[in-house]
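> quick check, what structure comes out for this input:
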Amino acid sequence: MEAVFKALADPTRRQILNLLGSREMTAGDLAKHFEMTKPSMSHHFSVLKDADLIRFRREGQQIWYSVNTTVLQDVLSWAMDLLHPAENKEGETPCPGNITS
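Numbering: from 1, shown residues only. Model (predicted):
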């Protein structure tokens, strides 16, 4: 999970994920949206791959990238668990701000 948060902490990587949210794209297509060197783009792709946030496939000389929605769903599920904790020992769901005596 640490690798996921590291990847999501960077605005460029979040923008890459946003672009891939609508469709699969090549590395070249993605690079057109940024003013940075190819090694810098490669670094961002590497961090996203290490976090398993993107998938990739080779087609000849092209590398196609897409979002790995499974990992994003796991992160969202974890975040929702923080907002809505599991039932407590008495079988009651805790309510934030609700004080019982």
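
> could you use CA atoms for every contact and neighbour count after this?
Will do.

> would you mark the buried spots in the one helix or strand in the chain whose mean pLDDT sits lowest?
Here the helix or strand of the chain ranked lowest by mean pLDDT, DSSP states H and E is helix 69-83, holding a mean of 82. Within helix 69-83, the residues scored as buried using 16 or more other C-alpha atoms under 10 Å are V71.

> hmm, who's touching it?
1, 52-53 (C-alpha atoms under 8 Å, 6 or more residues apart in numbering).

> try it again with 7 Å
Identification of contacts with helix 69-83 by C-alpha atoms under 7 Å, 6 or more residues apart in numbering yields 52-53.

> low pLDDT regions in this protein?
Low-confidence segments of the chain (pLDDT under 70): 86-101.

> just the helices in it please.
2-8, 11-22, 27-31, 38-50, 69-83 (DSSP state H).

> quick one: closest of those to Q61.
helix 27-31 (10.6 Å; C-alpha to C-alpha).

> before we move on, back to that, now render the helices of the chain as JSON lines, adding distance to Q61.
Output for these, formatted as JSON lines (distance: least, C-alpha to C-alpha, whole Å):
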{"stretch": "helix 2-8", "distance to Q61": "26"}
{"stretch": "helix 11-22", "distance to Q61": "19"}
{"stretch": "helix 27-31", "distance to Q61": "11"}
{"stretch": "helix 38-50", "distance to Q61": "15"}
{"stretch": "helix 69-83", "distance to Q61": "25"}
